[in-house]
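**Q** Prediction below, plus the sequence it came from.
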Amino acid sequence: MNKILITGGAGFIGSHVVREMVTKYPDTQIINIDALTYAGNLENLKDIENFNNYQFIKADITDAKQILDIFHEHKPDGVIHLAAESHVDRSITNPLDFVMTNVIGTVNLLNAAKEIWKDNYQGKRFHHVSTDEVYGTLGEEGFFTEETSYDPHSPYSASKASSDHFVRAYHDTYGLPIVITNCSNNYGPNHFPEKLIPLCIHNVLNNKPLPIYGNGKYTRDWLFVIDHAKAIDLVFHEGKNGSSYNVGGFNEWQNIDLVRELCKQMDEKLGNPVGTAEQLITYVTDRPGHDLRYAIDATKINRELGWKPSVTFEEGLSLTIDWFLNNSEWLNNVTSGDYQQYYQKQYK
């Protein structure tokens, strides 16, 4: 492919995908479009922003005309669609924002791809990146597979489920060449500190409470973001047309156990007495519609494409904490809001 357009490439997962593509495929032009809302941070890409095969465009996928104009001008051969509102708590407060970005924005991209490719789909691909939350919740046993029925419980997961359905519908109705990946909870460098792991790292550093919903028994499968970026690259290039692939870390942790492991590692790395950080754990009122357990069966992507996680959760968490400790300026810019000035400074 000559050109790949990546949406949401200034976000947490998106920035790692952009970096993977820019550095791995120097002869392919990577076009990153992002609206730079609160979670979009171009400082995530400072190390590759001057590469010859990289270009950033500030654009909002909810603006159908703007998106169509970009497709007409740049004529991408492939799309990797990561742009999304993704924070469950925010979706409970403002569900319509999630409908606009996750549903309408996705349909705008599908329409633009369909028009620019004009049914000549040879060598083209639309890769939609989704979440395991579309499947709903699990009991103490079992796993989500690609055949699991959708059963979303939050406005966020409902909006992502809808976008998945539209992507499949454009494949079935118009023949659009698509693949879908549904991933488990990501963690790693550059994670915006409203999510559990970076929030706890930040709060330990600032001696603030570590908030745990309910009884802390909610269970998630955790996926190191760099492993996820490599999986997206693999599925985009080698996945079977029309297929979906679950991407998980084979790392199930209850929230309370995860935070205790984080506290233990933080105490070790900061040279504090054992148990110092754990004293900050604070139980808070549970979130409405909170799913008990997510667990991904990633057998298919391993069997068909040979992908598997490269690190255990303990190893990935250690790497993540080290990154945050070594990038205090990034963390300070994000928590203060100063990162939002980077676009004006860099692009004038």
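**A** Right, received. Where do you want to start?
**Q** Flag the shaky bits of the stretch 1-150 of the chain, pLDDT-wise.
**A** By pLDDT under 70, the stretch 1-150 of the chain contains no weakly predicted segment.
**Q** what distance separates the strand or helix carrying F166 from the centre of its chain?
**A** Element membership for F166, per DSSP states H and E: helix 155-174. Here helix 155-174 is found 17 Å from its chain centre; the criterion is Cα atoms, centre = their mean, to the nearest Å.
**Q** ok, now stretch 212-227?
**A** 14 Å.
**Q** Please apply the same query to stretch 287-299.
**A** A distance of 16 Å separates the centroid of the chain from that of stretch 287-299, by Cα atoms, centre = their mean.
**Q** which residues are in contact with that stretch?
**A** 88-89, 92, 132-133, 135-140, 142-145, 153-154, 182-185, 213-214, 217-221, 223, 246-250, 252, 307-308 (Cβ atoms under 8 Å, 6 or more residues apart in numbering). C-betas here are computed from N, CA, C, even on glycine.
**Q** Quick check: PyMOL command selecting the buried ones in these.
**A** Selecting only the buried entries of the contacts of stretch 287-299 in PyMOL, with 16 or more other Cβ atoms under 10 Å as the criterion:
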select buried, resi 88+132+133+135+136+137+138+143+144+153+154+182+183+184+185+213+218+219+220+221+223+246+247+248+249+250+252+307
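**Q** Can you list which of the contacts of stretch 287-299 are found in strands?
**A** Judged by DSSP state E, strands contain the following of these: N182, C183, N185, Y213, T219, R220, D221, L223, N246, V247, E252.
**Q** close enough to count as contact, the last one and T219?
**A** Yes - taking contacts as Cβ atoms under 8 Å, E252 lies within contact range of T219: 5.7 Å.
**Q** ok, H191 to Q344 distance?
**A** Distance, H191 to Q344, by Cβ to Cβ, to the nearest Å: 24 Å.
**Q** Comparing these two, which residue is more hemmed in?
**A** H191 (24 against 8; other Cβ atoms under 10 Å).
**Q** gap between the more buried one and N327?
**A** 11 Å.
**Q** go on, K160?
**A** The gap separating K160 from N327 is 29 Å, by Cβ to Cβ.
**Q** who's in contact with F98?
**A** Neighbouring residues of F98 by Cβ under 8 Å, 6+ apart: E85, R90, S91, P155, Y156, S159.
**Q** other SSEs contacting the helix holding F166?
**A** Applying 3 or more Cβ pairs under 8 Å, 6 or more residues apart in numbering; DSSP states H and E, we find helix 155-174 packed against helix 88-93, helix 95-98, helix 105-117, strand 125-131, strand 178-183.
**Q** In JSON lines: those, plus distance to A59.
**A** Output for the helices and strands packed on helix 155-174, formatted as JSON lines (distance: least, Cβ to Cβ, whole Å):
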{"stretch": "helix 88-93", "distance to A59": "21"}
{"stretch": "helix 95-98", "distance to A59": "17"}
{"stretch": "helix 105-117", "distance to A59": "10"}
{"stretch": "strand 125-131", "distance to A59": "17"}
{"stretch": "strand 178-183", "distance to A59": "21"}
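**Q** For D47, see how far away P189 is.
**A** In this view, P189 and D47 are 11 Å apart by Cβ to Cβ.
**Q** And stretch 278-291, what's buried?
**A** Residues of stretch 278-291 classed as buried under the neighbour-count rule (16+ other Cβ under 10 Å) are E278, L280, I281, D291.
**Q** Quick check, pLDDT for the first one.
**A** pLDDT for E278: 97.
**Q** from memory it sits against Q265, does it?
**A** No - using Cβ under 8 Å, E278 is not in contact with Q265; the gap is 11.3 Å.
**Q** Now do the same contact list for G142.
**A** G142 neighbours (Cβ under 8 Å, 6+ apart): A295.
**Q** N333 now?
**A** Neighbours of N333 in contact, by Cβ under 8 Å, 6+ apart: E43, Y339, Y342.
**Q** I'd like to know which of those residues are part of helices.
**A** Of those, the ones assigned to helices by DSSP state H are Y342.
**Q** I4 looks like it's in a strand, true?
**A** Yes - if the criterion is DSSP: H, G, I helix; E, B strand; the rest coil, then I4 is within a strand.
**Q** ok, the residue lying closest to it once chain neighbours are set aside - contacts?
**A** Counting by Cβ to Cβ, 6 or more residues apart in numbering, I4 lies nearest to G78, which is 4.5 Å off, once chain neighbours are set aside. When contacts are counted by Cβ under 8 Å, 6+ apart, G78 is found next to M1, K3, I4, L5, K124, R125, F126, H127, F236.
**Q** Spatially, what comes nearest to the fourth one if we skip its sequence neighbours?
**A** If I follow you right, that is L5. L5 sits nearest to P76 (Cβ to Cβ, 6+ apart), 3.9 Å away.
**Q** Could you look up the SS state of the one you found?
**A** Applying three-state DSSP: P76 is coil.
**Q** Repeat that for I301.
**A** Here I301 is recorded as helix under three-state DSSP.
**Q** Any chance of TSV for the contacts of G78, columns distance to T106 and neighbour count?
**A** Formatted as TSV, the contacts of G78 follow (distance: Cβ to Cβ, whole Å; neighbours: other Cβ atoms under 10 Å):
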residue	distance to T106	neighbour count
M1	21	15
K3	20	16
I4	17	25
L5	14	27
K124	17	17
R125	15	22
F126	10	26
H127	12	24
F236	16	22
